[in-house]
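Student: Sequence and predicted structure below; questions after.
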Amino acid sequence: MVNLCFPKCRLLRVMGTLQIILGGLVIIVSISSLFRFYSAGFFLHNEDICRHFYGFKEDYEGFDIKALSARVEEVLAQMESLQNKLESTVQQMEKNKESMAANISKTEYKKFLEEEVIQPLYSAHISLRQIRFPRAEGIGNATIKEEPLINSFAWEDQYLWNRKVYNTIGHACVLMKKELEEYMDYDIGSYCKDDWNQAQKLMINGCDPLPRRRCLTRASKLYFRPYPINESLWRIPDGRNVRWSNYQCRNFECLSSKNPKRGYSKCAGCFEMEKEKLKWVTNSSLPVDFLIRDVLGIKPGEIRIGLDFGVGTGTFAARMREQNVTIISTALNLGAPFSETIALRGLIPLYVTLNQRLPFFDNTMDLIHTSGFMDGWLDLQLMDFILFDWDRILRPGGLLWIDRFFCDRKALDDYMYMFLQFRYKKHKWSISPKSRDDVFLSALLEKPPRSL
């Protein structure tokens, strides 16, 4: 009898211990919050202190104390909810201890701890880590006032594949004067040189948009009619329609993920249609993999047009086209003909870099999806510019789908703050380990209305 009761008693002891720990955490958070307010002088009737916090002090101007209070309340509510759930579970077990099975399987025990204890605790922990207090020099994510003049601009010393990334205001073209002069050295009305890779190099390094030229663009020597639309979506295009002169590969077969000399690293397997067909429609074992039908089900009938910001061959746009949603896919030819492949599949490629302001008007997109390109290698300031530009073009009520963003585990808090600073509504939020040091983050966020 003692042996039969042992697993159940052990679970009850664990549950009781967890309740005590949670109660202690609630008390610690409450005392910590009260201590912060007390040390700040909120409980003292002192005119200097009131003037310090409620007067016009530049260091704290714009800091939202309500957001801090809401975050603390959210954490306390999560902990209270978890404690109530554990207490209810213990009471239910006490009631049904006679009829309960004598043995609890390890799988059920593990599942209960992961879903009902670890995940809520982790969510509360992340919420606490997101609390940011203003520093003396200003709000943490604030930047200096940008002055659009070349002689006073401080460029960003960050790297993209060993190339420096600049903001787009024209000064990078001055810094790359020799390369730009080579690009603009052509005969008017004649054929252009086969120098698209040089143009892309200028764009990536910030000389973007490029000046227009008056020469005839080159095409493949043997250009064949593209496949009909009912075939082209899920078929590798005819390789004769691509100019291969500036790639390591000379055909689509060479671009297989099995070939270590394929010439590109991002989006391995993007040119294998059998693998591409499984994306966003097939259930995965990872919680960070969201399905298209689940995302569209959140806003039925409202998602009509959108942007896929990443690197790939247009598979996301192809799947959304099957749902009568028009998606424009950003593309750079980073070692492989991504732009040509998207177009030959009957989809719309948008040839832009991370530096460029997106060519869409404000509040026009229903959906922005990003996957496989904008990850944890990005500088936080550059990422800030990108996210604010996305916020500009996304309409109120539109969805931002962060798909498998990955970064170093230690940098996760910083990147989460970047995504959550806009106070979008969270429909889905999932974090999963990628490796020992890296994690995946997927999220589905809704832009709030901002009527002024």
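Tutor: Yep, that arrived. Remember, predicted model here, so these are calculated numbers, not experimental data.
Student: ok, and what's touching stretch 334-345?
Tutor: For stretch 334-345, the surrounding residues in contact (CB atoms under 8 Å, 6 or more residues apart in numbering) are 161, 226-227, 232-233, 235-238, 241-244, 247-249, 255, 262-267, 270-271, 311-314, 317-318, 329, 331-333, 348-349, 351. Using the backbone N, CA and C atoms, a C-beta is placed for each residue, glycine as well.
Student: Any of these buried? List them.
Tutor: Buried residues within these, counting neighbours by 16 or more other CB atoms under 10 Å: 227, 232-233, 236-238, 241-243, 247, 249, 255, 262, 264, 266-267, 270-271, 311-314, 317-318, 329, 331-333, 349, 351.
Student: Please narrow these to those residing in helices.
Tutor: 232, 317, 318 (DSSP state H).
Student: Look at stretch 351-369 and report the distance between its end residues.
Tutor: One end of stretch 351-369 sits 16 Å from the other (CA to CA, to the nearest Å).
Student: ah, wrong one, I meant stretch 410-429
Tutor: Start and end residues of stretch 410-429 are separated by 18 Å (CA to CA).
Student: in the stretch 151-300 of the chain, which ranges drop under the pLDDT threshold?
Tutor: Within the stretch 151-300 of the chain, the segments meeting pLDDT under 70 span 151-170.
Student: Helices along that one, start to end?
Tutor: Along the stretch 151-300 of the chain, counting by DSSP state H, counting those that start in this stretch, helices occupy 171-175, 177-183, 196-204, 229-232, 273-276, 292-298.
Student: Then residue 407 would be within a strand, right?
Tutor: Yes - residue state for residue 407 (DSSP: H, G, I helix; E, B strand; the rest coil) corresponds to a strand.
Student: Distance of the residue lying closest to it once chain neighbours are set aside relative to residue 409?
Tutor: Leaving aside its sequence neighbours, residue 407 sits nearest to residue 376 (CB to CB, 6 or more residues apart in numbering; 2.6 Å). According to CB to CB, to the nearest Å, residue 376 stands 10 Å off from residue 409.
Student: cool, and residue 24?
Tutor: 26 Å.
Student: the more surrounded of those two?
Tutor: Counted by other CB atoms under 10 Å, residue 24 and residue 409 do not tie: residue 409 has more neighbours, with 16 against 10.
Student: unless I'm mixing things up, that one is touching residue 440, no?
Tutor: No - contact criterion CB atoms under 8 Å: residue 409 and residue 440 do not qualify, at 10.7 Å.
Student: Could you check how many residues crowd around residue 440?
Tutor: By the criterion of other CB under 10 Å, residue 440 has 20 neighbours.
Student: Thought residue 408 was touching it, still the case?
Tutor: No - using CB under 8 Å, residue 440 and residue 408 do not qualify as a contacting pair, with a distance of 12.0 Å.
Student: Give the rounded mean pLDDT of the helix or strand that contains residue 419.
Tutor: For residue 419, the host element (DSSP states H and E) is helix 412-420. Throughout helix 412-420, pLDDT has a mean value of 88.
Student: Which helix or strand lies directly C-terminal to that helix?
Tutor: Using DSSP H and E, the next helix or strand after helix 412-420 towards the C-terminus is strand 425-433.
Student: elements contacting the following helix or strand past that next one?
Tutor: As assigned by DSSP H and E, the chain's next helix or strand after strand 425-433 is strand 438-446. Secondary-structure packing of strand 438-446 (3 or more CB pairs under 8 Å, 6 or more residues apart in numbering; DSSP states H and E): helix 292-298, strand 394-408, helix 412-420, strand 425-433.
Student: Only alpha carbons, please: show the second one as PDB.
Tutor: Looking back up the chat, that one is strand 394-408. Output of strand 394-408 as PDB, limited to C-alpha atoms (Å, rounded to 0.1, in the frame of the first residue of the first chain):
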ATOM      1  CA  LEU A 394       1.200  47.900 -41.500                       C
ATOM      2  CA  ARG A 395      -2.500  49.000 -41.100                       C
ATOM      3  CA  PRO A 396      -4.200  49.200 -37.700                       C
ATOM      4  CA  GLY A 397      -5.500  45.700 -37.000                       C
ATOM      5  CA  GLY A 398      -2.800  44.200 -39.300                       C
ATOM      6  CA  LEU A 399      -0.700  41.200 -38.300                       C
ATOM      7  CA  LEU A 400       3.100  41.000 -37.800                       C
ATOM      8  CA  TRP A 401       4.200  37.400 -38.100                       C
ATOM      9  CA  ILE A 402       7.700  36.800 -36.700                       C
ATOM     10  CA  ASP A 403       8.500  33.300 -38.000                       C
ATOM     11  CA  ARG A 404      11.400  31.400 -36.500                       C
ATOM     12  CA  PHE A 405      13.500  34.400 -35.600                       C
ATOM     13  CA  PHE A 406      16.600  33.000 -33.900                       C
ATOM     14  CA  CYS A 407      19.300  34.600 -31.800                       C
ATOM     15  CA  ASP A 408      21.800  33.900 -29.000                       C
END
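Student: Parallel or antiparallel, which strands does that strand pair with?
Tutor: Sheet pairing of strand 394-408 (DSSP bridges) gives strand 365-371 (parallel), strand 438-446 (antiparallel).
Student: Out of those strands, flag the one nearest residue 191.
Tutor: Nearest of the strands paired with strand 394-408 to residue 191, taken as CB to CB: strand 365-371 at 36.9 Å.
Student: Pull the distance from the closest one to the chain's centre.
Tutor: Offset of strand 365-371 from its chain centre (CA atoms, centre = their mean, to the nearest Å): 10 Å.
Student: average pLDDT for that strand?
Tutor: In this model, strand 365-371 carries a mean pLDDT of 97.
Student: Any chance you could list what contacts it?
Tutor: For strand 365-371, contacts defined as CB under 8 Å, 6+ apart pick out 299, 302-310, 312, 316, 325, 327, 390, 393-395, 398-405.
Student: are any of those buried, and which?
Tutor: Buried subset of those (neighbour count, 16+ other CB under 10 Å): 303, 305-310, 312, 316, 325, 327, 390, 393-395, 398-405.
Student: if we can go back for a sec, can you tell me which of the strands paired with strand 394-408 is most buried?
Tutor: strand 365-371 (a mean of 23; mean count of other CB atoms under 10 Å).
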